[in-house]
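# structure for this input, please:
(chains A and B)
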Amino acid sequence: MIIDFNAYVGQWPFRRLPARSAAEVIDLMDKAGIDVAAVSSLNSTLYADPHEGNLELLDDIKNYGGRFIPLAVLNPGYPGWQDDLEECVNYGFKGIRLYPQYHNYLLANDECLKLVKKASEMSLSVSIPVRLRDGRGRHWMDSARDISLQEVEQLAAKLPNSRIALLESRDVRSTALVKYGNIYFETSRMTSILGSEIMNLIQSVGASRLVFGSGAPLKYISPALLKIRLLKESEEVKERILWRNASGLLGLE
Amino acid sequence: MVRIDCHSHIKNKVWDAAGITPESLMEAADKLEIDAFCCSTLTFGMPTPEEFRMCNDVILKAMKEYPGKILGYCFVNPGYQAESLMEIEKRIVEDGMIGVKLYNQYKCWDPVVYPVVRKTIELKVPILQHAGYVTDQAEASEQPNLSNAQDIARLAGLFPEAMIIEAHLGGGGDWEWALKNLRGVRNVYVDTSGSVVDMGMIEKATKYLGAERLLFATDLSMEEGVGKMIDARIGDEEKRLIFGENMMKIMGMRSR
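Numbers count the residues shown, from 1 in each chain, chains lettered A, B, ... in the order given. Below you'll find the predicted structure:
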């Protein structure tokens, strides 16, 4: 069993992706052996009202049963997120995903805290990608910052009952984030064979706070998968990272 | 399917290279089924002849410890012309290194580089040219003499007999821009290395350059390097070329 906790459906405005629709993402998942993917709308990165992307996503994935777990993209700086959140829960969304670097707010601002608090009260986890692309080759109109770890720490400290999954994270072992039990780390950018970052992080925080994700279809899937498969860890630890922890975050258990 | 990583590194006493030793490369080789690594080691700024000789000594030692598994690039600073040419002659002809590694000391088309290029043409060995088109200004300012694909195309036009490898398609910024610039430049190869694993990169590179001009590499991003090749939706024959046969062909061209 493998759950990809970091996947998307939709268009990326700055590059033509090889897979954009749910059907195309399913094809990728099948080839890579991914059973289930937690997905959010990529279209919502630049929509003024990101909730429109949630509704598009829902329509696109409706024929694929349990293969996709939808996560709602909400912008706490845009009116009506409370209603949108309620609607998403009613539609079966199992978590929220925030893009503060594209929606122009800080994680610790008041509205964002309200949103994360509300989501947490509804037992929804909150996933936040540090970035959606490597900044070195960014399009000139894509000025989104990488999310700072200090921002994430502030959020985690202010809302200890939240469950925050930091996607595209790396170099976290020596940061304050490791002491917050409510922060989970997605592993696709960490080193495995050379550098052993994943193994060291397991030693620091335990295997229960790491989740596998790929970044597909923005990124190839196999690089992230190899990092877990080739870990010098027990099968039990790998299972935790590959699906059990994600299953808990998504409320599937 | 032979896998030759055409862009790798090991540490030296000045540059830590993430602590990578020949032994750690061998461990990665076992796990990722890599048959050989083409390695250099560097120092930064304006390396003196003593520094680049030290680097090449480190590589030679690794080559002797792991014959056939670690292959060497001779690193030089073209600003030291006489010393660089002597070093290349010695390392390629006497020590059996497979090519020359150039970093960012000069733009690759700077006339100071020409004697080095002529030497590689004489020896029929490739130049692995550190490169990138970094669109983020803050990042770009860190390497003012970083060569990009246009620079490399310019050099390739000046020396059509040279074999130039543009380094790290996945670590040099806007890779689509690089491919557009190098499409018709027949004497430039591109290595696939780098931490960037944008889906579609290898397919588009194959479409624009042809599999014959792509070389598998990691630049120490190990799972990324192998994983992007595994996922690429290209034919097995194309993968065979990229994974190792193209590099074997290049290495078979040497004159001495």
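# and the strands in the chain?
Going with chain A. In chain A, the strands defined using DSSP state E lie at A:3-9, A:36-41, A:68-70, A:72-73, A:95-97, A:125-129, A:164-167, A:183-186, A:210-211.
# that's the wrong chain, I meant chain B
Along chain B, counting by DSSP E, strands occupy B:4-9, B:36-40, B:70-75, B:99-102, B:127-129, B:164-166, B:188-191, B:214-215.
# how about the residues of chain A by chain B?
A:15-19, A:31-32, A:133-140, A:189, A:191-195, A:215-227, A:230 (Cβ under 8 Å from any Cβ of the partner chain). Any C-beta I mention is one placed from the backbone N, CA and C, and that applies to glycine too.
# now, of those, which are buried?
A:15, A:17-19, A:32, A:133-138, A:189, A:191-195, A:215-227, A:230 (16 or more other Cβ atoms under 10 Å in any protein chain shown).
# which stretches in the chain count as helices?
Here I'm looking at chain A. For chain A, the helices defined by DSSP state H cover A:22-32, A:51-61, A:81-91, A:100-103, A:110-121, A:149-158, A:197-205, A:222-229, A:235-239, A:245-249.
# not what I meant, chain B
B:22-32, B:49-65, B:81-89, B:114-123, B:137-140, B:149-158, B:175-182, B:201-209, B:222-231, B:236-240, B:246-251.
# ok so, going back, so for residue A:106, which of the strands of chain A sits nearest?
With Cβ to Cβ, the closest approach to residue A:106 among these belongs to strand A:125-129: 11.8 Å.
# by how many degrees do the closest one and strand A:3-9 diverge?
60 degrees (axes from the mean of the first three to the mean of the last three Cα atoms, to 10 degrees).
# chain center to stretch A:59-75, what's the gap?
Computed by Cα atoms, centre = their mean, to the nearest Å, the chain-centroid distance of stretch A:59-75 equals 13 Å.
# tell me the span between the first and last residue of that stretch.
End-to-end span of stretch A:59-75 (Cα to Cα, to the nearest Å): 20 Å.
# pull out the buried positions in that stretch.
The neighbour-count check on stretch A:59-75 (16+ other Cβ under 10 Å) flags A:60, A:61, A:67, A:68, A:69, A:70, A:71, A:72, A:73, A:74, A:75 as buried.
# isn't the fourth one up against residue A:22?
This means residue A:68. Yes. Counting by Cβ atoms under 8 Å, residue A:68 touches residue A:22, with 6.6 Å between them.
# what do the two both touch?
Counting by Cβ atoms under 8 Å, 6 or more residues apart in numbering or on different chains, the common neighbours of residue A:68 and residue A:22 are A:9, A:61.
# ok so, going back, which pair in the buried residues of stretch A:59-75 spans the largest distance?
Distance extremes for the buried residues of stretch A:59-75: the farthest pair is A:67 and A:75 at 26.9 Å, using Cβ to Cβ.
# and the residue in the stretch 1-150 of chain A positioned nearest to chain B, what does it touch?
For the stretch 1-150 of chain A, the residue closest to chain B is residue A:137, as judged by Cβ to the nearest Cβ, at 3.8 Å. Residues near residue A:137 by Cβ under 8 Å, 6+ apart: B:133, B:134, B:135, B:136, B:172, B:173, B:174, B:175, B:177, B:196.
# filter those down to the ones close to chain A.
Within the set of the contacts of residue A:137, contact with chain A (Cβ under 8 Å from any Cβ) is found for B:133, B:134, B:135, B:136, B:172, B:173, B:174, B:175, B:177, B:196.
# ok, of these, which come out buried?
B:133, B:134, B:135, B:136, B:172, B:173, B:174, B:175, B:177, B:196.
# which residues of the stretch 101-250 of chain B lie near chain A?
Counting by Cβ under 8 Å from any Cβ, the stretch 101-250 of chain B sits next to chain A at B:132-136, B:139, B:171-177, B:195-201, B:203, B:220, B:222-224, B:226-228, B:230-233.
# and the gap between the residue of the stretch 101-250 of chain B found nearest chain A and residue A:142?
Closest approach between the stretch 101-250 of chain B and chain A, counting by Cβ to the nearest Cβ: residue B:227, at 3.1 Å. Here residue B:227 is placed at a distance of 24 Å from residue A:142 (Cβ to Cβ, to the nearest Å).
# ok, these two, which is more surrounded?
Ranked by neighbour count (other Cβ atoms under 10 Å in any protein chain shown), residue B:227 and residue A:142 place residue B:227 first, with 24 against 20.
# and the buried ones among the ones next to chain A among the contacts of residue A:137 as a markdown table, adding pLDDT?
A markdown table is the format used below for those (pLDDT from 0 to 100):
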| residue | pLDDT |
| --- | --- |
| B:133 | 96 |
| B:134 | 92 |
| B:135 | 90 |
| B:136 | 87 |
| B:172 | 86 |
| B:173 | 94 |
| B:174 | 97 |
| B:175 | 98 |
| B:177 | 98 |
| B:196 | 98 |
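# now, the most widely separated pair of the residues you listed?
B:136 and B:175 (14.1 Å).
# now the residue of the stretch 101-250 of chain A found nearest chain B. Nearest residue, chain neighbours left out?
Nearest residue of the stretch 101-250 of chain A to chain B: residue A:223, at 3.1 Å (Cβ to the nearest Cβ). Ranked by Cβ to Cβ, 6 or more residues apart in numbering or on different chains and with sequence neighbours excluded, the top spatial neighbour of residue A:223 is residue B:227, at 3.1 Å.
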